[in-house]
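**Student:** give me a 3D structure for the following:
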Amino acid sequence: MKQIHTTKWQKIGLVLFGVVLCLVMLECGLRIGGYVFSYAQERHNRAALARGGEYRILCLGESTTAGQWPPYLDEWLNECGLEFTCTVIDKGRPASGTAYILSHLQDYLDEYEPHMVIVMMGINDRLHEEWWPRATQRGAIAQTKPFFIQNFQIYKIMQLVWLHVLRKLARTEVGPHFAVYDEYESATYHSLLRAEPLWDGTPPEDNSKNKIAALWHKAQKYEDHFQFEKAAAVYSNLVERQSDNYNAYIALANCYMHQGLTYLTVGKWEYVDDVLVKAIFFFKRAIQRKPTNEEGYIALGAAYMLVAEKYFQMQNYDEVGWSYYHRAMNILLRGQKFNPNSARIYYEIGNCYNEVSAYKEIPEYYEKAESMFLKAIQLNSKDFSSRDGLGRLYGQFRYYNKQEKLLRESMQYYPEYFSDDNMWLLLRYLEECYVIQKKYGQAAEVSRKGIRMFPQDSIFYRKLAMNNMRQKKYIKAARNFQKAELLELRYYEARTRTNYQKLKEIVQSRGIQLVCTQYPMRSVEPLKKTLEPYDSVIFVDNEKLFKEAVMNEEYETYFLYYFGGDFGHCTAKGNKLLAENIGSVILEQYFRQDDVIKIEK
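**Tutor:** The predicted structure is shown next:
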C-alpha cells in the first residue's frame with residue numbers, strides 16, 4: 001500500500017485548521033451560553049413573532065409595561081374579531097426613563113418594523129433625579145465601536161489568561177492591596193501604566209498657577225457638558241503636570257465614573273468596561289498617594305458597586321456581580337480603619353450592605369447595615385444620608401415601627417440642618433409607611449402637611465386623594481385629584497416633554513401610527529399638552545376607568561403598590577383592564593376607520 005506523505009506546510013496547515021476549528025467551536029459555545037438567558041427573556045416576543053401576525057405593534061415603557069399589560073393586549077386583539085392577526089412586541093425596560101427609551105427607539109424600529117408604536121412612559125423622569133438625559137439630547141455620548149477582535153468571547157478569555165500572568169508581575173508594582181483580580185483590571189489596567197498622556201495641546205512646561213487653574217476650569221466645563229473624552233484629556237494633563245496631586249487623580253477617576261454611569265444608565269453596557277477600569281485604576285493611584293484619606297476609599301467602593309450594578313442591570317446575578325459588592329465592602333472597611341470617626345464612611349459601608357440586602361434579604365447583612373447606619377448617626381446626628389439609608393433599610397425589612405420613629409425624629413432637624421428636598425423625601429417616606437400599615441388617617445395628615453409645605457407639588461394632592469378614597473371619602477378625593485391635575489397642566493418635566501416630542505417625530509417620520517397611553521388614575525390632558533400639536537396621535541385615557549374600578553373594589557385589587565403617588569405596578573386584573581382599554585381605543589379610533597391603511601404590504 002502506497003504511503004501518503006505530507007509536506008511540512010500541509011502539516012502546519014492541518015494544525016492551523018484544527019486550531020481555528022477549535023476556536024470557532026469554543027467561540028460558538030461561549031456565545032450560545034451567553035444567549036441562553038437573553039433568549040429566555042425574549043421568549044414571549046419570539047413566540048409572538050413566530051405566529052407571523054400581519055400587524056405588528058411595538059410596546060415601549062418602563063417596569064409598568066415590561067411583562068405587564070402587553071401579553072394581555074396581544075390576547076385581546078387576536079380575540080376581538082379583526083380580519084387579521086396582530087403581533088404585540090414587549091420592549092418595556094424596568095427602571096428606565098424616557099431618555100433610555102428614546103436612545104433605543106431607532107434600533108427597535110429597524111429590528112421589528114412595527115405598524116404601530118404604543119408608549120407609556122415618563123414616571124421615572126419625575127421620581128428619580130436623572131441628569132443623564134441631557135447627555136443624549138446634546139449628543140455628547142460618543143459611541144465609538146471597539147476593534148472587531150474585542151467583540152469575540154475568546155478574546156475576553158485570553159484577556160483573563162493574560163491577566164493571570166500580569167497578576168503575578170503586578171504585585172510588586174502596585175502593592176499587595178491593589179493587585180488585579182479579573183477582566184475589569186486586565187491588560188487594560190497595565191496598559192495605562194505605559195500609555196502616552198492624553199495631552200490637550202498645552203505645553204507641559206507651563207506650570208504657572210494661572211495655567212493650572214485654567215486647566216481645572218476647562219476640564220470641569222467639559223465634564224459638565226458630558227464631553228468626557230475631552231475632560232479626561234485635560235485631567236490627564238493635570239495628572240502629568242502634578243503627579244503627586246491627590247485631587248487630580250480623584251478628578252480624573254470621577255470623570256471616568258461619570259462617563260461609566262452615563263453609559264450604564266442609557267443601557268450602553270458595551271462601553272462601560274473601558275471607562276470603569278480606568279476609574280478603578282486612578283482611584284487606586286489616589287489612595288496610594290493619600291492612604292489615610294477617606295474620599296479615595298469611598299470613591300473606589302462606589303466604582304466597584306457600579307460594576308456590580310452593570311451585571312444586575314443585564315440581569316446577570318451570578319457570583320461575579322456579587323463579588324464586586326464584596327470588594328466594595330472590603331475597600332470601605334479598609335478605609336474605615338484609617339478613619340474610625342468618619343460618619344460618612346460608616347454610611348457608605350451601611351449603604352453597601354443595604355444594596356446587597358436589596359437583592360438578597362440576608363439577616364446578617366441587615367444587622368451589619370443597621371449597625372453601620374446607627375454608628376454614622378451617632379457620630380453625626382444631623383447627617384441626612386445616614387438617616388435616609390437607615391429608613392430605607394427598615395422599610396425594606398418591614399420594621400415599620402422603627403421606620404416611623406426614625407422619620408419623625410429626623411423631621412426635627414428641618415429647616416436648620418435639612419433642606420427642602422430632604423423634608424420632601426421624609427414626608428413621602430412617612431406617608432408610605434402609614435399606608436403600608438393601613439393607617440390611612442395618619443397618612444392623609446402627612447399628605448396635608450406636604451401640601452402646606454410644597455403647595456406647587458401635585459404628588460401630595462394625589463397622595464391625599466388616594467387616602468381619601470381608601471377612607472371612602474370620594475367627593476374629597478375627586479377635589480384633590482382635580483387640584484393635582486390643574487398643577488400638572490402648568491408643569492411637565494422638561495426632559496419628558498423633549499423626549500416625547502422627539503419620539504413622536506421619529507415614529508411619525510417613518511409613517512408609523514403612534515399611540516400614547518396615560519398611566520392609570522392620571523388625566524390624559526397633560527400628556528396631550530406635552531405632545532402639541534398632536535394630529536394623528538391616538539391617546540388612551542385610563543383615568544376614569546381605573547378610578548371607578550378602585551371605588552367599586554379595593555385599590556389592592558388593581559395595584560400592587562403605588563410608587564407614582566396614586567398608582568403603581570398593576571396586578572394581573574389591573575393589567576388586563578389596562579390592556580382591554582388600550583385595545584378598545586385603537587380598535588375604535590384606528591382599526592375601524594375606513595380611510596386608514598392598516599397594513600403595509
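
**Student:** where does this structure have low pLDDT?
**Tutor:** For the chain, the stretches with pLDDT under 70 are 1-6, 29-42, 126-208, 265-267, 313-321, 359-361, 489-493, 562-565, 593-601.

**Student:** starting at the chain centroid, how far to the longest strand seen in it?
**Tutor:** For the chain, the longest strand by residue count, based on DSSP state E, is strand 55-61. Computed by Cα atoms, centre = their mean, to the nearest Å, the chain-centroid distance of strand 55-61 equals 22 Å.

**Student:** same question, stretch 108-118
**Tutor:** Put simply, stretch 108-118 sits 23 Å off its chain's centre (Cα atoms, centre = their mean).

**Student:** what does that stretch contact?
**Tutor:** With contact meaning Cβ atoms under 8 Å, 6 or more residues apart in numbering, stretch 108-118 is reached by 49, 55-60, 73, 89, 91, 506-507, 510, 512-515, 517, 540, 582, 586, 590, 598-600. For every residue, glycine as well, the C-beta is placed using N, CA and C.

**Student:** can I have the buried ones of those as a PyMOL selection?
**Tutor:** In PyMOL syntax, the buried subset of the contacts of stretch 108-118 is picked out as below (16 or more other Cβ atoms under 10 Å):
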select buried, resi 55+56+57+58+59+60+73+89+91+506+507+512+513+514+515+517+540+582+586+598
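
**Student:** just the ones of the contacts of stretch 108-118 in helices?
**Tutor:** Counting by DSSP state H, the part of these found in helices is L49, L73, I506, V507, I582, I586.

**Student:** list the contacts of the longest strand of the chain.
**Tutor:** Strand 55-61 is contacted from outside by 49, 65, 69-70, 73, 77, 84-93, 101, 105, 108-109, 112-121, 598-599, using Cβ under 8 Å, 6+ apart.

**Student:** sheet partners, orientation included, of it?
**Tutor:** Counting by DSSP bridges, the strands paired with strand 55-61 are strand 86-90 (parallel), strand 116-120 (parallel).

**Student:** can you dump the C-alpha atoms of that strand in CSV for me?
**Tutor:** Provided in CSV are the C-alpha atoms of strand 55-61 (Å, rounded to 0.1, in the frame of the first residue of the first chain):
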residue,chain,number,x,y,z
TYR,A,55,-49.9,43.6,12.1
ARG,A,56,-47.0,44.4,14.4
ILE,A,57,-47.4,46.5,17.5
LEU,A,58,-44.3,47.7,19.5
CYS,A,59,-44.9,48.5,23.1
LEU,A,60,-42.5,50.8,24.9
GLY,A,61,-42.3,51.9,28.6
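
**Student:** list the buried residues for stretch 241-251?
**Tutor:** Neighbour-count burial for stretch 241-251 flags R241, Y246, A248, Y249, I250, A251 (criterion: 16+ other Cβ under 10 Å).

**Student:** so what touches that stretch?
**Tutor:** Under Cβ under 8 Å, 6+ apart, the answer for stretch 241-251 is 204, 207, 212, 215-216, 219, 235, 238-239, 282-283, 285-286, 289-290, 293, 295-296, 299.

**Student:** can you flag the buried ones in these?
**Tutor:** Neighbour-count burial (16+ other Cβ under 10 Å) applied to the contacts of stretch 241-251 gives 212, 215-216, 219, 235, 238-239, 282-283, 285-286, 289-290, 293, 295-296, 299.

**Student:** just checking, P291 touches F338?
**Tutor:** Yes - between P291 and F338 there is a contact at 6.7 Å, judged by Cβ atoms under 8 Å.

**Student:** which strands and helices sit next to the helix or strand hosting D421?
**Tutor:** Using DSSP states H and E, D421 sits in helix 420-436. If contacts are counted by 3 or more Cβ pairs under 8 Å, 6 or more residues apart in numbering; DSSP states H and E, helix 420-436 sits against helix 384-396, helix 400-410, helix 440-453, helix 458-470.

**Student:** so what's the gap between the next helix or strand after the last one and the chain middle?
**Tutor:** The element immediately downstream of helix 458-470 (helix or strand, assigned by DSSP H and E) is helix 474-490. Helix 474-490 has its average C-alpha position 31 Å from the chain's average C-alpha position, going by Cα atoms, centre = their mean.

**Student:** cool, and stretch 103-120?
**Tutor:** Per Cα atoms, centre = their mean, the displacement of stretch 103-120 from the mean C-alpha position of its chain is 20 Å.

**Student:** in it, what counts as buried?
**Tutor:** Across stretch 103-120, burial judged by 16+ other Cβ under 10 Å covers 103-105, 108-109, 112, 114-120.

**Student:** using PDB, write out every CA atom in it.
**Tutor:** Only the C-alpha atoms of stretch 103-120 are listed here, as PDB (Å, rounded to 0.1, in the frame of the first residue of the first chain):
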ATOM      1  CA  SER A 103     -31.900  56.100  22.700                       C
ATOM      2  CA  HIS A 104     -33.100  52.600  21.700                       C
ATOM      3  CA  LEU A 105     -36.000  53.600  19.600                       C
ATOM      4  CA  GLN A 106     -34.300  53.600  16.200                       C
ATOM      5  CA  ASP A 107     -32.900  50.100  16.800                       C
ATOM      6  CA  TYR A 108     -36.300  48.700  17.800                       C
ATOM      7  CA  LEU A 109     -37.900  50.200  14.700                       C
ATOM      8  CA  ASP A 110     -35.300  48.800  12.400                       C
ATOM      9  CA  GLU A 111     -35.500  45.400  14.100                       C
ATOM     10  CA  TYR A 112     -39.200  44.900  14.300                       C
ATOM     11  CA  GLU A 113     -40.600  47.200  11.600                       C
ATOM     12  CA  PRO A 114     -43.800  47.800  13.500                       C
ATOM     13  CA  HIS A 115     -47.000  49.300  12.100                       C
ATOM     14  CA  MET A 116     -47.900  50.900  15.400                       C
ATOM     15  CA  VAL A 117     -46.000  52.000  18.500                       C
ATOM     16  CA  ILE A 118     -47.700  52.200  21.900                       C
ATOM     17  CA  VAL A 119     -45.800  54.100  24.500                       C
ATOM     18  CA  MET A 120     -46.500  54.700  28.200                       C
END
